[in-house]
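>>> below: sequence and its predicted model.
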Amino acid sequence: MTLTKNTISGNTASSGGGVYSTYYYSTVTLTNNTISGNTAENAAAVYYFGNDGKDFKYNTITGNKATGGSDSCTIW
């Protein structure tokens, strides 16, 4: 999964309000995105569970709200 130059906002989920990815994706690349205003119980902005195939660069992550866990990112 590759996301580049997107605005990801106003989403709600139990985990990963903005972006949710599991090990089913071999590589996750997030570059130059704005991830804001999302809500979730855990990892309001980004939830990533997988192998080492992740590349997060130059993203703006702000204003996300989790009710139980991380407001920003959970990476396993």
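Good, I have the coordinates. Residues are numbered from 1 along each chain as shown.

>>> from here on, contacts and neighbour counts on C-alpha atoms
OK.

>>> for the residue nearest the centre of the chain, give the beta-bridge partners.
The chain has Val46 as the residue nearest its centroid, 1.7 Å off, counting by C-alpha atoms, centre = their mean. Beta bridges link Val46 to Val19, Cys73, judged by DSSP bridges.

>>> please report how far it lies from Val28.
Here the criterion is C-alpha to C-alpha, to the nearest Å. By it, Val46 lies 11 Å from Val28.

>>> in this structure, where is pLDDT below threshold?
Counting by pLDDT under 70, the chain has low-confidence residues at 24-26, 74-76.

>>> list the residues that contact the residue nearest to Tyr47 when sequence neighbours are not counted.
Leaving aside its chain neighbours, Tyr47 sits nearest to Gly16 (4.4 Å; criterion: C-alpha to C-alpha, 6 or more residues apart in numbering). Residues in contact with Gly16, defined by C-alpha atoms under 8 Å, 6 or more residues apart in numbering, are Ala40, Asn42, Ala43, Ala44, Ala45, Val46, Tyr47, Tyr48, Cys73.

>>> tell me where this protein has strands.
All strands of the chain, identified by DSSP state E, fall at 2-4, 7-9, 12-15, 19-21, 28-31, 34-36, 39-42, 46-48, 54-57, 60-62, 65-66, 73-75.
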